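Asker: turn this into a model:
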Amino acid sequence: MAMGSGTVGLRTVREANLGVVLRTIRESAPCSRAAVAAATGLNKTTVSSLVADLMARGLVRETGRTAQSGVGRPGVLLDLDDTSVAALGLEVNVDYLSVVAVDLVQRELTARHTPFDAREAGPDESARRIVAALREAADDPAVRGRTVVGAGIAVPGLVDAPSGTVRRAPNLGWADFPLGARADALGFPVRVDNDANLGAVAEYRVGSFAGTPDLVYVTGEVGIGAGVLTDGALLRGAGGFAGELGHLALDPGGPECSCGRRGCLEAVAGIGAILRDALPGLAPGGPLSGADVAVLVDTAVGRAAAGDAVAVAALERAGGMLGRGLAALVNLVDPGLVLLGGYFVPMGPWLLPPCRSALAAGVFAPDAGGCRVEPSALGLSAAARGGAAGVIHALDSGALPLPAPAAVG
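Answerer: Predicted coordinates:
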């Protein structure tokens, strides 16, 4: 028993060290083995062994160049091997499925955006479509032949990330649905998380403001969620449900929200509310149909661009309410940057000025605490990109199994 425990302990230490070396090469490449040893504190023999292991697993390669050194034998430079593995990300929302695949250096290999009414389909059929979409992505010519190391699925709602269970997703009509378990048949690890959380991860790792450690990503879909990063780490809260900005009550006597309460930010400044105000008689009064949202958004933006007073007033009013909601969040967590995503991006020319004004008026710190509000550049693929980026981060952190070493001979 003691021998078995010791073996497991040694394996765990080695796996952790593999992650440390992989992460160091990502941050410092191209770099030599000696540089990795200096950065990690591991001895050179251990680093050489770990690098050989990572090379056998198709994660690290030698560049063929050598490090410049004044003394001793020059070291061969190392880099990540971007040819052998892929990570997948998928977002399911009220009106679409978005799927991306990235390589080890987080370059996009393929992306697909498909209209899909997840609410109408229901959780079981949606799960079947999600699994099929991930299989199709793994079989895409740009991905085929690579080892898929995992997939991240983004869902608009409360997600118990450790179990992969969607606890509550009002806009989808799902409750206590074990989405992660339904994806087990894929043959690679699958992680399920909130869409705003994964959008924030994508912004931090590959967005226009990548590396900003204290940021908030706000989804601009039918629902409004906030992914909050503090010092580069997601703020999850005790139950993992932090960031439900859309259900901040702004007007107790306001319109009914999908959650059953009244006057939530989502009910007064979500895409559904904006479309009903901007397109009276055209947008439905109840839940938005998945097939209609993108078309309706284009119509509202087109009318605003043409100077339609009703559309412009609706967008500006929603921007002001959004700024009020963001002010409460900024007062609590003090981010340096708020990024508006999804359908808020094309609406940005009319949303952003009143949003920024209301934010400045509502934040206690002078000059809004230095917080900026900007549109995301990742479009409707942000959460899917975050799902894939989260897989790469988990691989670097030793939280996912590394690919098996290639067979010799």
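Asker: doesn't N17 make contact with T46?
Answerer: Yes: checked against CB atoms under 8 Å, the pair T46 and N17 is within contact range at 7.1 Å. Every C-beta, even on glycine, is put in place using the N, C-alpha and C of the backbone.
Asker: higher neighbour count, the two?
Answerer: N17 (18 against 14; other CB atoms under 10 Å).
Asker: ok, now how distant is that one from A273?
Answerer: For N17, the distance to A273 (CB to CB, to the nearest Å) stands at 51 Å.
Asker: ditto for V36
Answerer: In terms of CB to CB, V36 sits 53 Å off from A273.
Asker: next one: P405
Answerer: Counting by CB to CB - P405 and A273 are separated by 54 Å.
Asker: equivalent analysis for P346, please.
Answerer: Taking CB to CB, one finds P346 at 16 Å from A273.
Asker: and for P141?
Answerer: 42 Å.
Asker: okay, the two: which has more neighbours?
Answerer: A273 (24 against 8).
Asker: now do the strand or helix carrying the more buried one: distance to the chain's middle.
Answerer: Per DSSP states H and E, A273 falls inside helix 271-278. The chain centre lies 25 Å from the centre of helix 271-278; the measure is CA atoms, centre = their mean, to the nearest Å.
Asker: repeat for stretch 121-137
Answerer: With CA atoms, centre = their mean, you get 19 Å for stretch 121-137.
Asker: can you check stretch 385-394 too?
Answerer: With CA atoms, centre = their mean, you get 7 Å for stretch 385-394.
Asker: export it as PDB, just CAs?
Answerer: Provided in PDB are the C-alpha atoms of stretch 385-394 (Å, rounded to 0.1, in the frame of the first residue of the first chain):
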ATOM      1  CA  ARG A 385     -12.900  30.700 -27.700                       C
ATOM      2  CA  GLY A 386     -12.900  30.800 -23.900                       C
ATOM      3  CA  GLY A 387     -13.900  27.200 -23.700                       C
ATOM      4  CA  ALA A 388     -11.000  26.200 -25.900                       C
ATOM      5  CA  ALA A 389      -8.600  28.600 -24.200                       C
ATOM      6  CA  GLY A 390      -9.700  27.100 -20.800                       C
ATOM      7  CA  VAL A 391      -8.700  23.600 -22.000                       C
ATOM      8  CA  ILE A 392      -5.200  24.900 -23.000                       C
ATOM      9  CA  HIS A 393      -4.900  26.600 -19.600                       C
ATOM     10  CA  ALA A 394      -5.900  23.400 -17.800                       C
END
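Asker: now that stretch: average pLDDT?
Answerer: In this model, stretch 385-394 has a mean pLDDT of 95.
Asker: contacts for it, please.
Answerer: 87-91, 100-102, 104, 106, 108, 149-154, 189, 191, 193, 197-203, 205-206, 227, 378, 400 (CB atoms under 8 Å, 6 or more residues apart in numbering).
Asker: selecting buried members of these in PyMOL, what would you type?
Answerer: Filtering those down to the buried ones (16 or more other CB atoms under 10 Å) takes a single PyMOL command:
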select buried, resi 87+88+89+90+91+100+101+102+104+106+149+150+151+152+153+154+189+191+193+197+198+199+200+201+202+203+205+206+227+378+400
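Asker: helices of the stretch 251-400 of the chain, start to end?
Answerer: 265-269, 271-278, 293-305, 309-333, 348-362, 382-396 (DSSP state H, counting those that start in this stretch).
Asker: quick check: end-to-end length of stretch 364-378?
Answerer: 30 Å (CA to CA, to the nearest Å).
Asker: averaged pLDDT, it. What do you get?
Answerer: 95.
Asker: flag every buried residue along it.
Answerer: Buried residues in stretch 364-378, counted by 16+ other CB under 10 Å: 368, 371, 373-376, 378.
Asker: next, the buried residues of stretch 224-236.
Answerer: 224-229, 234-236.
Asker: look at the nearest residue to K44 once chain neighbours are set aside and say how many residues are nearby.
Answerer: Nearest residue to K44, sequence neighbours excluded (CB to CB, 6 or more residues apart in numbering): A37, at 4.8 Å. Other residues lying near A37 total 21 when counted by other CB under 10 Å.
Asker: swap in R107?
Answerer: Neighbours of R107 (other CB under 10 Å): 10.
Asker: again with T83
Answerer: Neighbour number of T83 under other CB under 10 Å is 11.
Asker: any idea how far V60 is from it?
Answerer: Counting by CB to CB - T83 and V60 are separated by 12 Å.
Asker: what sits against the residue lying closest to G58 once chain neighbours are set aside?
Answerer: Counting by CB to CB, 6+ apart, G58 lies nearest to S84, which is 3.2 Å off, once chain neighbours are set aside. Neighbour list for S84: 58-59, 104, 146-147, 403 [criterion: CB under 8 Å, 6+ apart].
Asker: hmm, 10 Å instead?
Answerer: Counting by CB atoms under 10 Å, 6 or more residues apart in numbering, S84 touches 57-61, 103-104, 145-147, 149, 403, 406.
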